[in-house]
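A.B. asks: Next input, structure requested:
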Amino acid sequence: MTLLSTSALLKRPSVANAAILARQLSAIWETKSAADIIRERASLSAVHELTGNPGCSPIDIESMLRRTSGCNSHFGYDPIAKVEPLAFAWSSSSNYTQQLLPGAVPKDRLPDALHSLDSIQRIQTPMVTLIDHINENVCGHPGLIHGGMTTIIANSSLSLVAALNAPENAHIMPLSLNMDYRKPIHSSDFVKIHAWLYRNSGDQMKAAVHFYSLKNEMLVEAVADIAIRPPPVVQ
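C.D. replies: Here you go, the predicted model:
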């Protein structure tokens with residue numbers, strides 16, 4: 001269907017134009033069922049590439065929920081995601097840096113920019129990748145995902161990669177999050193999210209996240225400071 005601008009349709013009111021506008025708005029607001037999302041996701045080449053890559057392994061949803069508890073996590077949170085995201089953890093010996101767009105990351109923010117040997121030894125999972133589809137009910141405008149929801153997903157993804165490299169049961173405390181919105185995320189689209197660490201001093205980490213379309217267009221990028229606090233001592 002050829003899309004005509006809303007302003008053009010409103011300037012030429014007629015029964016035919018009203019019908020065209022109604023169809024266009026209906027297409028924008030059309031929602032997908034969970035079964036539709038799962039079926040469409042299973043056919044994505046991005047999913048096949050991840051599942052077939054020996055350098056990364058799936059992360060189960062229970063593990064994500066447990067490790068990111070208290071970090072404003074959207075994993076399994078129905079108002080935001082009808083279907084939990086697929087998540088994969090990259091090993092430190094894999095080709096994970098090749099997943100990022102060349103030249104899109106400053107040199108000191110690359111995943112391999114960790115400077116000290118001690119820091120490198122503490123990084124078991126340098127990067128996580130998620131394939132996500134966000135519920136249409138959280139649109140800021142018809143068909144466009146609200147920026148606040150994007151922030152929640154960025155925070156959850158960054159907290160996940162920090163938690164995978166922190167001691168068991170440690171408290172993950174995001175200290176700051178700086179977002180840069182490049183392009184809007186449409187509610188009908190899947191997104192590919194890469195979150196990685198580029199500093200680790202033990203009690204504090206620096207992490208970055210990129211949102212990509214399935215055409216490898218940069219949609220959102222963010223950086224965060226994350227504090228790692230030991231679990232309380234049980235008396």
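A.B. asks: Quick check: bridge partners of the residue positioned nearest the centre of the chain?
C.D. replies: By C-alpha atoms, centre = their mean, the chain has its centre lying nearest to Ile193, at 3.9 Å. Bridge pairing for Ile193 (DSSP bridges) gives the partners Leu130, Phe211.
A.B. asks: Name the single longest helix found in the chain.
C.D. replies: Using DSSP state H, we find that the single longest helix of the chain is helix 147-163.
A.B. asks: Just the buried residues of that one, please?
C.D. replies: Neighbour-count burial for helix 147-163, counted by 16 or more other C-beta atoms under 10 Å, picks out 149-163. Using the backbone N, CA and C atoms, a C-beta is placed for each residue, glycine as well.
A.B. asks: on that earlier part again, list the contacts of the residue nearest to the centre of the chain.
C.D. replies: When contacts are counted by C-beta atoms under 8 Å, 6 or more residues apart in numbering, Ile193 touches 85, 129-132, 153-154, 157, 209-212.
A.B. asks: same check, this time on Lys183
C.D. replies: Each residue near Lys183 by C-beta under 8 Å, 6+ apart is listed here: 213, 217-219.
A.B. asks: Now neighbour count too, for the residues you listed, in JSON lines please.
C.D. replies: What follows is those, written out as JSON lines (neighbours: other C-beta atoms under 10 Å):
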{"residue": "Ser213", "neighbour count": "15"}
{"residue": "Glu217", "neighbour count": "11"}
{"residue": "Met218", "neighbour count": "15"}
{"residue": "Leu219", "neighbour count": "20"}
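A.B. asks: now the helices for the protein?
C.D. replies: Taking DSSP H to define them, one finds helices in the chain at 6-11, 15-29, 34-42, 45-51, 61-67, 117-121, 147-163.
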